[in-house]
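**Student:** When you get a sec, could you give me coordinates for this:
(one chain, ligands or ions: 1)
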Amino acid sequence: MRTAPTILHLDMDAFYASVEQAAKPSLRGKAVIVGGLGPRGVVATASYEARVFGVHSAMPMAQARRLAPNAAYLVPRFGIYRRISEQVMSLLRGLSPLVEPLSLDEAFVDLEAGGAAWDEESARRVGVKLRADIRAVTGLTGSVGLAASKMLAKIASEQAKPDGLTLIRPGTERALLGPMPVRTLPGVGPATGDHLRRAGITTIDEIAEAGEDELVRLLGKAHGQALYAMALAHDERPVVAEREAKSVSVEDTYDVDIHDRLRIGLEVQRLADRCVRRLRDAGLSGRTIVLKVRRYDFSTLTRSETLRGPTDDQAVVREAAARLLEPVDTTGGVRLLGVGVSGLADYTQEDLFAQAHLAAGEATAEERPEAEEPLAEEQAAPPERVWLAGHDVRHGEYGPGWVQGSGLGRVTVRFETPQSGPGRVRTFSVDDPQLEPADPLPLVLDVPEIAERPAPTGTGA
Ligand SMILES: [Mg+2]
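**Tutor:** Prediction:
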């Protein structure tokens, strides 16, 4: 195991719920629950205010509603979560080539491999700056754990939550782990936890005391040995970079730095075409277009844009790459350019919510439209438009807002934006011609460009 706490684990705080609170001023400081709202729906994320009532992720939605009847219940908006995830992951990729995403909002980073940190002090500095950068770019908070292994880095970020940073000093791991419950260790679910408890083992210290033979007897060879090793804080698992299959990219390094802006643009087009050929040869399509630019001073910038749907269209990738290049400052010259397409395989999290979209027509948010005066009933019944709770709309007269609830032929909209104060609610007929679905509004208006420290040469991945 390494001797410095240079494995970083980042976990965004209550990610989906925090995005919703940032986007919807009236929900700040309130219980917000995001997930599938259909009969078999589950909670994806609960805000910290909702957790007070005992609501947590993976809980059946019906149970959450009993625990927190007055919370706001929203359908996930994966488009914006994915866009913010890309921003966060691109900050992480600026630290190291070894970034291992675990979900949209969680990843391991090997800081040593990127040359970003080599000891406790440098690791802490990187963690502090990363948290500040994430806040500046996304407007959201993430917690950082730093340790000498993946297991401990993840435990550290859990301890840091919310909005904190925890560093576990190498050498102190065992003392720290000892009194913790066995469930803290990866791979110990409720069943294994029960099994151990029946054998009188409830803390990590007690696993260590029981000894390897006893653990193997209780849990079988593979699981027993693995758990015993983890209880002693032995974890040699490397940080594995994002699987190749998840992205296709091409890049070129130039012998002489390119200064001519026109030429840079043409190179990017050429790389986009090459990337699309590769994508098609592999029978793939993807939804996130990534542009990489390494400047004369070795500072490297990655920018990405996530499309509404997957593409393998040359024109679309070209255009996206050109848009990404536009704001990049290339004065001084460019020594490397790259174009990639990622998001080829969707995160498994989404499977949970395929059902969320079935929940469509239901009345969902806490404030249902009040049924004082029924609207003109006898309409020629065109297919009823679907308004998902939490999703973005725009009204011809009142501007941007979000669906607070719908049912009984009406839809309630709250008119507010990430930058406004809490807004007012108005109720419309579901087929109000002035009301239209809209794209999510950005949480941060002027995203600062985060300059990366020049990467030292010769750091291998
Ligand atoms: Mg999280």
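**Student:** rest of the way, CA atoms for contacts and neighbours
**Tutor:** Noted.
**Student:** Name the spans of the stretch 251-400 of the chain whose pLDDT lies under the cut-off.
**Tutor:** 344-384 (pLDDT under 70).
**Student:** What segments of it are helices?
**Tutor:** 261-281, 314-325, 349-352 (DSSP state H, counting those that start in this stretch).
**Student:** closest one to the ion among these?
**Tutor:** Closest approach to the ion among those (CA to the ion): helix 349-352, 12.3 Å.
**Student:** ok, now which ones touch residue 33?
**Tutor:** 17, 43, 44, 45, 46, 47, 50, 71, 72, 73, 74 (CA atoms under 8 Å, 6 or more residues apart in numbering).
**Student:** And what about it, helix, strand or coil?
**Tutor:** strand (DSSP: H, G, I helix; E, B strand; the rest coil).
**Student:** can you tell me how far it sits from the ion?
**Tutor:** For residue 33, the distance to the ion (CA to the ion, to the nearest Å) stands at 14 Å.
**Student:** Return the residues of the stretch 251-400 of the chain in contact with the ion.
**Tutor:** Residues of the stretch 251-400 of the chain lying near the ion by CA under 5 Å from the ion: none.
**Student:** Strands of the stretch 251-400 of the chain, start to end?
**Tutor:** Secondary structure of the stretch 251-400 of the chain by DSSP state E, counting those that start in this stretch: the strands cover 286-295, 300-311, 334-342, 392-395, 399-407.
**Student:** for those, which one sits closest to residue 87?
**Tutor:** strand 300-311 (7.6 Å; CA to CA).
**Student:** contacting residues around the closest one?
**Tutor:** 79, 82-83, 86-87, 90, 94, 285-294, 317, 320, 324, 344, 451-452, 454-455.
**Student:** Are any of those buried, and if so which?
**Tutor:** 82-83, 86-87, 90, 94, 285-294, 317, 320, 324, 344, 454-455 (16 or more other CA atoms under 10 Å).
**Student:** Tell me how many other residues surround residue 259.
**Tutor:** By other CA atoms under 10 Å, the residues close to residue 259 number 16.
**Student:** If we ignore the residues flanking it in sequence, what's nearest it?
**Tutor:** Closest residue to residue 259 apart from its sequence neighbours, by CA to CA, 6 or more residues apart in numbering: residue 333 at 4.4 Å.
**Student:** How many neighbouring residues does residue 255 have?
**Tutor:** Residue 255, neighbours per other CA under 10 Å, totals 8.
**Student:** Residue 76 is in contact with residue 35, isn't it?
**Tutor:** Yes. Using CA atoms under 8 Å, residue 76 makes contact with residue 35 at a distance of 5.9 Å.
**Student:** Could you tell me how many residues sit around residue 139?
**Tutor:** Neighbours of residue 139 (other CA under 10 Å): 18.
**Student:** if I pick the closest residue to it other than its chain neighbours, what's in contact with it?
**Tutor:** What sits nearest to residue 139 in space, not counting adjacent residues and going by CA to CA, 6+ apart, is residue 444, at 6.1 Å. Residue 444 makes contact with 137, 138, 139 under the criterion CA under 8 Å, 6+ apart.
**Student:** if I pick residue 96, what's in contact with it?
**Tutor:** Residues in contact with residue 96 (CA under 8 Å, 6+ apart) are 109, 110, 111, 112, 113, 114, 115, 116.
**Student:** Keep only those of the residues you listed that are in strands.
**Tutor:** 109, 110 (DSSP state E).
**Student:** okay, the contacts of residue 96 in JSON lines with distance to the ion and pLDDT next?
**Tutor:** Converted to JSON lines, those look like this (distance: CA to the ion, whole Å; pLDDT from 0 to 100):
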{"residue": "109", "distance to the ion": "15", "pLDDT": "97"}
{"residue": "110", "distance to the ion": "19", "pLDDT": "96"}
{"residue": "111", "distance to the ion": "20", "pLDDT": "97"}
{"residue": "112", "distance to the ion": "24", "pLDDT": "94"}
{"residue": "113", "distance to the ion": "24", "pLDDT": "92"}
{"residue": "114", "distance to the ion": "24", "pLDDT": "85"}
{"residue": "115", "distance to the ion": "26", "pLDDT": "91"}
{"residue": "116", "distance to the ion": "24", "pLDDT": "93"}
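**Student:** Looking at the contacts of residue 96, spot the one nearest residue 266.
**Tutor:** For those, the nearest to residue 266 is residue 114 (29.9 Å; CA to CA).
**Student:** how close does residue 157 get to the ion?
**Tutor:** Residue 157 sits 10 Å away from the ion, going by CA to the ion.
**Student:** That residue sits in which helix or strand?
**Tutor:** helix 150-160 (DSSP states H and E).
**Student:** That helix - contacts with which helices or strands?
**Tutor:** On a contact count with 3 or more CA pairs under 8 Å, 6 or more residues apart in numbering; DSSP states H and E, helix 150-160 meets strand 7-12, strand 142-147, strand 165-167.
**Student:** For residue 412, find the nearest of those strands.
**Tutor:** Of all those, strand 7-12 sits nearest to residue 412, with 30.2 Å by CA to CA.
**Student:** Residues contacting the closest one, please?
**Tutor:** Here strand 7-12 has contacts from 105-112, 127, 140-150, 153-154, 157, using CA under 8 Å, 6+ apart.
**Student:** That strand pairs with which strands, parallel or anti?
**Tutor:** Paired neighbours of strand 7-12 in the sheet (DSSP bridges): strand 106-110 (antiparallel), strand 142-147 (antiparallel).
**Student:** With just CA atoms, put the shortest one into PDB.
**Tutor:** What follows is the C-alpha trace of strand 106-110 in PDB, where atoms were taken according to Å, rounded to 0.1, in the frame of the first residue of the first chain:
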ATOM      1  CA  GLU A 106     -18.900   9.800  -7.400                       C
ATOM      2  CA  ALA A 107     -15.400   8.900  -8.500                       C
ATOM      3  CA  PHE A 108     -11.900   7.800  -7.400                       C
ATOM      4  CA  VAL A 109      -8.900   9.700  -8.500                       C
ATOM      5  CA  ASP A 110      -5.300   8.600  -8.300                       C
END
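**Student:** Following the chain past it, name the next helix or strand.
**Tutor:** Assignment by DSSP H and E places the next element after strand 106-110 at helix 120-138.
**Student:** in that following helix, what's buried?
**Tutor:** So helix 120-138, judged by 16+ other CA under 10 Å, has buried residues 120, 122-124, 126-127, 130-131, 133-134, 136-138.
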